[in-house]
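Q: need a structure here:
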Amino acid sequence: METARRSVEALLERLGWSCGPGLDLLDPAHRRLVDSVAALVRLGYPCGTEQLLPYGRLAAQLAVTDLDMVEEQPTPTEQIEAAVALTVLYEPVLLSLRRMAHAQESARRF
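A: A predicted model of the protein is given here:
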């Protein structure tokens, strides 16, 4: 678990994302990331900072896109509604697109 925690901390530092001491205990996404990285490490898959960095950079780009859409909403109430809807509905869209991209890339490679 400590290896995973160090990898995640190094990743956040490389991305320039702030995560102060103890915040990881409060943030479920941070805990889930550490747990997932720890599981990958236990299974012997490479999951260090260098392997995580491209995913973090892509996630940062997605966050900009998401918040651009939220920002386009004319009222604060509509912005909150859009943030919730986009979070809930775009997550399965992103997962589906990733799986479809894997299928396309696998067909191309193999």
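Q: could you use CA atoms for every contact and neighbour count after this?
A: Noted.
Q: confidence score at P74?
A: If you check P74, the pLDDT there is 96.
Q: mind listing what it touches?
A: P74 makes contact with no residue, according to CA atoms under 8 Å, 6 or more residues apart in numbering.
Q: name the helix or strand for it, please.
A: Under the criterion DSSP states H and E, no helix or strand holds P74.
Q: then L40?
A: helix 28-42.
Q: next secondary structure element downstream of that helix?
A: helix 49-71.
Q: packing partners of that following helix?
A: helix 2-15, helix 76-109 (3 or more CA pairs under 8 Å, 6 or more residues apart in numbering; DSSP states H and E).
Q: among the ones you listed, which comes closest to H30?
A: Taking CA to CA, helix 2-15 is the member of the helices and strands packed on helix 49-71 nearest to H30, at 8.4 Å.
Q: so what touches the closest one?
A: 18-19, 33-35, 37-38, 41, 47-50, 52-53, 56-57.
Q: and if you look at stretch 37-56?
A: By CA under 8 Å, 6+ apart, stretch 37-56 touches M1, T3, A4, R5, S7, V8, A10, L11, R14, L15.
Q: next one: that stretch to chain centre, how far?
A: For stretch 37-56, the separation from the chain centroid amounts to 13 Å (computed by CA atoms, centre = their mean, to the nearest Å).
Q: for stretch 85-104, same thing?
A: 12 Å.
Q: when you give positions from now on, start the count at 33
A: Okay, using 33 as the starting number, the last item reads as stretch 117-136.
Q: what comes up buried for that stretch?
A: Of the residues in stretch 117-136, L118 count as buried by neighbour count, 16 or more other CA atoms under 10 Å.
Q: need the residue closest to the centroid of the protein.
A: A91 (4.9 Å; CA atoms, centre = their mean).
Q: show the buried residues in the contacts of stretch 69-88.
A: Looks like the contacts of stretch 69-88 have A36, R37, S39, V40, A42, L43 buried, using 16+ other CA under 10 Å.
Q: I'd like the residues you listed as a markdown table, with pLDDT and distance to L121 appended.
A: What follows is the buried ones among the contacts of stretch 69-88, written out as a markdown table (pLDDT from 0 to 100; distance: CA to CA, whole Å):
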| residue | pLDDT | distance to L121 |
| --- | --- | --- |
| A36 | 93 | 29 |
| R37 | 92 | 29 |
| S39 | 94 | 29 |
| V40 | 94 | 26 |
| A42 | 94 | 30 |
| L43 | 96 | 27 |
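Q: thank you kindly, that will do.
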